[in-house]
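*Asks:* here is my input; please provide its structure:
(one chain, ligands or ions: 1)
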Amino acid sequence: MGRSPPPSPLARDYGNHAYWALERAAPLRLSSIMASDRVDVLILGGGNAGFGVTVPAREAGLKVTLVEERDLGGTCPNRGCTPKKVLVAAGHALHEIERAHIHGIDVSRPCLDWAALIDREKEMIKAIPDSLAKTLDARGVELLRDHASSWAPTR
Ligand SMILES: Cc1cc2nc3c(=O)[nH]c(=O)nc-3n(C[C@H](O)[C@H](O)[C@H](O)COP(=O)(O)OP(=O)(O)OC[C@H]3O[C@@H](n4cnc5c(N)ncnc54)[C@H](O)[C@@H]3O)c2cc1C
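*Replies:* Purely as a prediction, here's the structure:
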């Protein structure tokens with residue numbers, strides 16, 4: 001049985017549960033590489049969720065640190081939504097070519113160069129992590145590139 005999250009003034013537009021988790025996470029100490037001794041909000045993971053939180057947290061004037069151990073942006077732009085859409089678009093193109101004869105268009109049988117498609121997919125996403133690092137910088141969010149772990153002093 002989980003405890004109900006207390007009301008938070010920051011929950012206005014973004015839902016209370018995420019902030020409850022963040023507020024609980026904030027007092028935990030990170031590893032010895034922590035650049036600042038104290039932050040108001042510590043975000044573990046630079047995916048959609050973590051990035052989304054940076055905006056209201058900074059708007060609220062809080063000092064924010066985000067920890068990411070892999071690619072900034074997380075699953076969606078690097079391994080999920082965005083690369084998937086490149087592959088789906090290629091699939092649609094193949095499908096349209098294969099059914100072109102319905103419209104009286106005569107084309108030769110399409111041939112997929114899988115390696116070229118994967119190259120295109122990688123090319124389309126490769127700039128995203130660096131671009132997101134600049135976004136964080138512009139928002140005034142400190143970025144730590146490390147594996148985050150936390151512990152409670154009583155355990
Ligand atoms: C193939 C695929 C296709 C998808 N397509 C869509 C789509 O079309 N539309 C859609 O809405 N959603 C899609 N999704 C889902 C979407 O990618 C996820 O909902 C979204 O990425 C979740 O964001 P998140 O921030 O919660 O987690 P993530 O994006 O997974 O980010 C978590 C981040 O935390 C980091 N991290 C984890 N643990 C630590 C640690 N201890 N220390 C430091 N960093 C850590 C990870 O490296 C990662 O970058 C797709 C997912 C997949 C797999």
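*Asks:* give me the residues contacting the longest helix anywhere in the chain.
*Replies:* Counting by DSSP state H, the longest helix found in the chain is helix 81-98. For helix 81-98, the external contacting residues (C-beta atoms under 8 Å, 6 or more residues apart in numbering) are 75, 76, 107, 110, 112, 117, 120, 121, 122, 124, 125, 128. The C-beta positions use only the backbone N, C-alpha and C, and glycine is treated the same way.
*Asks:* contacting residues for the residue nearest the centre of the chain?
*Replies:* Closest to where the C-alpha atoms of the chain average out (C-alpha atoms, centre = their mean) is residue 47, at 2.0 Å. Residues in contact with residue 47 (C-beta under 8 Å, 6+ apart) are 73, 74, 75, 76.
*Asks:* out of the residues you listed, which comes closest to the ligand?
*Replies:* Proximity of these to the ligand (C-beta to the nearest ligand atom) peaks at residue 74, which lies at 2.5 Å.
*Asks:* my read: the closest one touches residue 44, true?
*Replies:* No. Residue 74 lies out of contact with residue 44 (C-beta atoms under 8 Å); the separation is 11.2 Å.
*Asks:* what do these two both touch?
*Replies:* Counting by C-beta under 8 Å, 6+ apart, the common neighbours of residue 74 and residue 44 are residue 50.
*Asks:* now for the contacts of helix 81-98: which two are most distant?
*Replies:* Using C-beta to C-beta, the two most remote members of the contacts of helix 81-98 are 75 and 107, lying 36.3 Å apart.
*Asks:* the more surrounded of those two?
*Replies:* When residue 75 and residue 107 are compared for neighbours, residue 75 comes out ahead with 14 against 10, by other C-beta atoms under 10 Å.
*Asks:* how near is the residue nearest to residue 54 when sequence neighbours are not counted to residue 133?
*Replies:* The shortest distance from residue 54 to any non-neighbouring residue, by C-beta to C-beta, 6 or more residues apart in numbering, is to residue 141 (5.0 Å). According to C-beta to C-beta, to the nearest Å, residue 141 stands 10 Å off from residue 133.
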